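**Student:** Kindly return the folded structure for what I paste below:
(chains A and B)
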Protein chains: 2
Amino acid sequence: MDKFIVLLLVGYVTANTQPGLRQNRLGTEVPSLGDTSPGSVWPQPQSQTSTSQTYPVLAEKFAFTYTSSSFRCSLLDEAFKRYQMLIMNAAARSKLHFRPRAPYTITTLDINLMAKCEDYPSLDMNEAYSLDVGESSTQLQAESVWGILRGLETFSQLLWQTETGEILANKTNIIDHPRYSHRGILLDTSRHYLPLSVIFDNLEAMAYNKINVFHWHIVDDQSFPYVSEIYPDLSRKGAYTSLSHIYTPDDVAAVIEFARLRGIRVVPEFDTPGHSQSWGKGQPGLLTPCYSGDKPTGSYGPINPIVDSTYTFIQTLFTELRNVFPDKYIHLGGDEVSFACWQSNPDINNYMKNLNITGKYNELEQIYVQKVLNISGQIGFSYIVWQEVVDNQVQLKDDTVVEVWINNHPDEELAKVTKLGYRALLAAPWYLDYISTGEDWMKYYLEEPSNFNGTDAQKKLLIGGEACLWGEYVDGSNVTPRLWPRASAVAERLWSSKDVNDVTKATPRLHQHRCRMVKRGISAQPLHPGYCVHDWGNI
Amino acid sequence: MDKFIVLLLVGYVTANTQPGLRQNRLGTEVPSLGDTSPGSVWPQPQSQTSTSQTYPVLAEKFAFTYTSSSFRCSLLDEAFKRYQMLIMNAAARSKLHFRPRAPYTITTLDINLMAKCEDYPSLDMNEAYSLDVGESSTQLQAESVWGILRGLETFSQLLWQTETGEILANKTNIIDHPRYSHRGILLDTSRHYLPLSVIFDNLEAMAYNKINVFHWHIVDDQSFPYVSEIYPDLSRKGAYTSLSHIYTPDDVAAVIEFARLRGIRVVPEFDTPGHSQSWGKGQPGLLTPCYSGDKPTGSYGPINPIVDSTYTFIQTLFTELRNVFPDKYIHLGGDEVSFACWQSNPDINNYMKNLNITGKYNELEQIYVQKVLNISGQIGFSYIVWQEVVDNQVQLKDDTVVEVWINNHPDEELAKVTKLGYRALLAAPWYLDYISTGEDWMKYYLEEPSNFNGTDAQKKLLIGGEACLWGEYVDGSNVTPRLWPRASAVAERLWSSKDVNDVTKATPRLHQHRCRMVKRGISAQPLHPGYCVHDWGNI
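**Tutor:** Sure, this is the predicted structure:
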């Protein structure tokens, strides 16, 4: 792919931001999609040396084997099955019989796991690995099971198929680790319910992109699909429908297990005190009654922060959550609290008067959030919060992670949050629910998270980022193509080295990666005019 | 659905056009999706009277029957099968047994086709019908088979299911006909190939929306998937891949037949002289060689208008097309011809000098287009052209249809085209490949095609419009949710009365229609937060 061509593609984006003529149809020059080496890896490894020497993979006999010194692990055995299927699926598409050839035929990937298998991924997990496709053996080594998982994905991406059906890998040495330790995707199952099959598809795609956190924005104003065993009315009355638009305990466990096997953490978000309209349906007395003059209007506002029953409820519910979700972290939300209803409510105002905080509703919010944080901490949760919580000067545990989402100088917010000593996540530039014509992935790709003013110590407190696909306009019908490969741009930004930031070079690699996802059954949408050998629906 | 709520929704669109805060998440008020009568029809009939009286449909015994005076028709027999399936599918979802009740149980829809069955739909087809769900019988009557087809779709939409599983229809009288006779959707199979299964899905959806033209933009610069029997190299060398990214004669016939059975015309577009790069790969000598100074660059421009071989080729290819595509009309394109290559070519310039049109490349374009139109006319095609052809003052047959696509005062272009006495199609405001966050369907819905200056006679020359989903950024992975229900907004604009233009009223009806499409297997995307009883992937 030469520079001229990418300028053309960039030109598409520019032209499309202007109304008027359909300028991207002008001209008779057809941009070639460019070529890149087959078997390129996305996100790009920290260090990769490949040569033009290729070795055939004997797909039908291929096996993953532990080296004699390796620890063994049932989680890896499951991964071997998955990757065996991916490799064999490629082989099955060949119409020709495989013919081995010199100098070396890959029949095993030798796995060396250097430490005992961990059960559940964490923020501190070690995802580093090294992979060597050498002259006489192919080896994958890592200090943790998570590194082996990432290396297996890389190995599967190195393999490519010739026109005659042979599967090859180039002689390659890779030493790799992620740049950031938290690389998340937010899916929102409240604005629209997402069926389990759709969540599973997207967890698969996350693994293909080395995304390691599923931020599950599970409930919100619109619906409460989480089935609580202690408070079953929450979903019975708060879900869109109480029979089919819900996540039962078995469903939630299945999502967590599906993710765990792929080294993906599931961080649930139970956003309060705002964004909680659906909670009130099944938990009378939880939300603040709004008033018009001295009469309740029948409408409700944020969670009522002045009654003890609120905190008893939160404590009980969150204790259940602590048992359901194994991740150390819960996301507590705390964003966009509207004060109008609190302002209207005489009991709230009396309460505030007694505390000498009349009119200071952000202080009332502080009181609520502080109590919820304290409860969460006592129960054993660490927490992630949206940036408003720190903006409101709530006192946070040291290991709190603050997520920066307001796309109005997020660099200044990152500087502020990290200066306070909190760890930070960047989400602001990656709200994928905003769509526009053309290749918006380039915009996401070029966002550099570390571009904020701060010391080295502050920079280290930025632990990653998240691509957020809020659910207003997506459900099972369109969420997967809308997320992929746009989120892949974020995945490479968060995994690869800072200097991997050239859209010219990235374009053909991302096209190849998108085609690979399609071939694996993910309905990732196209980047630009062109085709995949195995197009969606045309296999 | 009250006004307040729709203003909220409109607010979403406005807020989302501004960068910055994620304003559509602000506020804790959850817009209800509003209610509309179940069994509402999209696009809205010209005249409908319904009462609250409901009649149960005995789905398991239900049959379509011809009245004694009706003509019979194998095309309708096929339609009966389809609609029987749709009705029975609804019935199958019921977990309760049907219990008939007074006063009248619908067991038949009595069909009265008042004229002999036509084989193939046309621009002049009569789609009017009347449908009566009365006190003792349910009758559908039309003067043509196409009216019966539209009435069958309406009847299927009238049926709705109670929570206990009964299928009901309200007492209803409908007298209906389309406002415009050409209601098209353009799909582009050149920028991306679309598998047959995806085309079929979208033809089904077109029928559900009473769209009656599939404008098949089958070839373009990027690829030539149409398999010509006379010029097999066109696809062999011009398709993305010559084995799988092609439409064989059987494929094309299958698309035409699938569409015909649903009363949908297939109008193929073979766009020349621009947009033809892919043609040159399999037909050496067809395109203009571009020069740098006195040397050919190896690049090619539009079709070469100065050599006889061009017209021999067009005549031969189009004669084949005349036998392949039964519709009276072909779309000849004629848009966006770039003159740069012609300007560089010494042979072109000599030819023009001899004709005394030196430097007047639009006159050269005229010469080419005029010859192609003449050939097409002689072969027996009527034609549709993009607006540039008439702007360039090419002489057109009286029955030419001019498609207005440039979204820069399309009203002025409509006034001009109709003043010249040509029939016109409006596409400019409905380029659905342009996307933006939020409910852009409202914008499409509120476009009033007849808002241009002209006499009544001119207004009558506007015969309809088209929603165009150009293929740069869509393929099988995402084309269906991107098209529906956005194209449904255009479908109602073109079918229903001019005064059906209230987004407040349309919103819940369109939501219901979208859910109906999803239930029928079309992956139409959501309009706004909410759910369908049968969500995509969650049935």
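**Student:** Reduced to three states, what does A:L396 come out as?
**Tutor:** At A:L396 the chain is in coil, as set by DSSP: H, G, I helix; E, B strand; the rest coil.
**Student:** residue nearest the centroid of chain A?
**Tutor:** Central residue of chain A (Cα atoms, centre = their mean): A:I185, 1.9 Å from the mean position.
**Student:** ok, now how distant is that one from A:D499?
**Tutor:** 24 Å (Cβ to Cβ, to the nearest Å). For glycine as for every other residue, the C-beta is placed from the backbone atoms N, C-alpha and C.
**Student:** related to what we said a few turns ago, what is the residue nearest to the centre of chain A paired to in the beta sheet?
**Tutor:** Under DSSP bridges, the beta-bridge partners of A:I185 are A:F214, A:A467.
**Student:** Now do the contacts for it.
**Tutor:** Each residue near A:I185 by Cβ atoms under 8 Å, 6 or more residues apart in numbering or on different chains is listed here: A:202, A:206, A:211, A:213-215, A:466-469, A:483, A:487.
**Student:** rerun at 6 Å
**Tutor:** Shown in contact with A:I185 (Cβ atoms under 6 Å, 6 or more residues apart in numbering or on different chains): A:206, A:211, A:467, A:487.
**Student:** Weed out the non-buried ones from those residues.
**Tutor:** For the contacts of A:I185, a burial check counting by 16 or more other Cβ atoms under 10 Å in any protein chain shown picks out A:206, A:211, A:467, A:487.
**Student:** Filter these down to the ones in helices?
**Tutor:** Residues of those located in helices (DSSP state H): A:206, A:487.
**Student:** Among the buried ones among the contacts of A:I185, which pair sits farthest apart?
**Tutor:** Greatest spatial distance in the buried ones among the contacts of A:I185: A:M206 and A:A467, 10.0 Å, computed using Cβ to Cβ.
**Student:** Please tell me the pLDDT value assigned to the closest residue in space to A:Y431 that isn't next to it in sequence.
**Tutor:** Nearest residue to A:Y431 in three dimensions, chain neighbours excluded: A:C468, at 5.2 Å (Cβ to Cβ, 6 or more residues apart in numbering or on different chains). Listed pLDDT for A:C468 reads 98.
**Student:** Secondary structure element for A:N173, which one?
**Tutor:** strand A:167-176 (DSSP states H and E).
**Student:** Run the chain-centre distance for that strand.
**Tutor:** On the basis of Cα atoms, centre = their mean, to the nearest Å, strand A:167-176 sits 26 Å off its chain's mean C-alpha point.
**Student:** on that earlier part again, let me have the buried ones among the contacts of A:I185 in a markdown table, extended by distance to A:R265.
**Tutor:** Shown next, in a markdown table, are the buried ones among the contacts of A:I185 (distance: Cβ to Cβ, whole Å):
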| residue | distance to A:R265 |
| --- | --- |
| A:M206 | 10 |
| A:I211 | 10 |
| A:A467 | 15 |
| A:A487 | 16 |
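**Student:** what separates A:Y434 from chain B, distance-wise?
**Tutor:** From A:Y434 across to chain B, the span is 5 Å (Cβ to the nearest Cβ, to the nearest Å).
**Student:** One more: A:V518?
**Tutor:** Separation of A:V518 from chain B (Cβ to the nearest Cβ): 7 Å.
**Student:** That residue: neighbour count?
**Tutor:** The tally of other residues near A:V518 (other Cβ atoms under 10 Å in any protein chain shown) stands at 27.
**Student:** helices and strands around whichever strand or helix holds it, which ones?
**Tutor:** Secondary structure assignment for A:V518, by DSSP H and E: helix A:503-519. Applying 3 or more Cβ pairs under 6 Å, 6 or more residues apart in numbering or on different chains; DSSP states H and E, one finds that helix A:503-519 makes contact with helix A:3-16.
**Student:** Quick one: name whatever helix or strand follows the helix it packs on.
**Tutor:** Per DSSP H and E, the first helix or strand lying C-terminal to helix A:3-16 is strand A:47-56.
**Student:** for that next one, which positions count as buried?
**Tutor:** A:48, A:50, A:54-56.
**Student:** A:L446: which of those is nearest?
**Tutor:** When the buried residues of strand A:47-56 are ranked by distance to A:L446 (Cβ to Cβ), A:Q48 comes first, at 21.7 Å.
**Student:** My read is that the closest one contacts A:I175, right?
**Tutor:** No. A:Q48 is beyond contact range of A:I175, at 8.2 Å (criterion: Cβ atoms under 6 Å).
**Student:** What are the structural domain limits within chain A?
**Tutor:** Domain segmentation of chain A under automatic domain parsing yields A:37-176, A:182-495.
**Student:** wait, does the first one make contact with chain B?
**Tutor:** No. Judged by Cβ under 6 Å from any Cβ of the partner chain, domain A:37-176 stays clear of chain B, getting no closer than 10.3 Å.
**Student:** Endpoints of that domain, how far apart?
**Tutor:** End-to-end distance of domain A:37-176 (Cα to Cα, to the nearest Å): 19 Å.
**Student:** from the chain's centre, how far out does it sit?
**Tutor:** So, by Cα atoms, centre = their mean, the centroid of domain A:37-176 is 24 Å from its chain's centroid.
**Student:** got it, and the last one?
**Tutor:** On the basis of Cα atoms, centre = their mean, domain A:182-495 sits 13 Å off its chain's mean C-alpha point.
**Student:** Alright, I will stop here.
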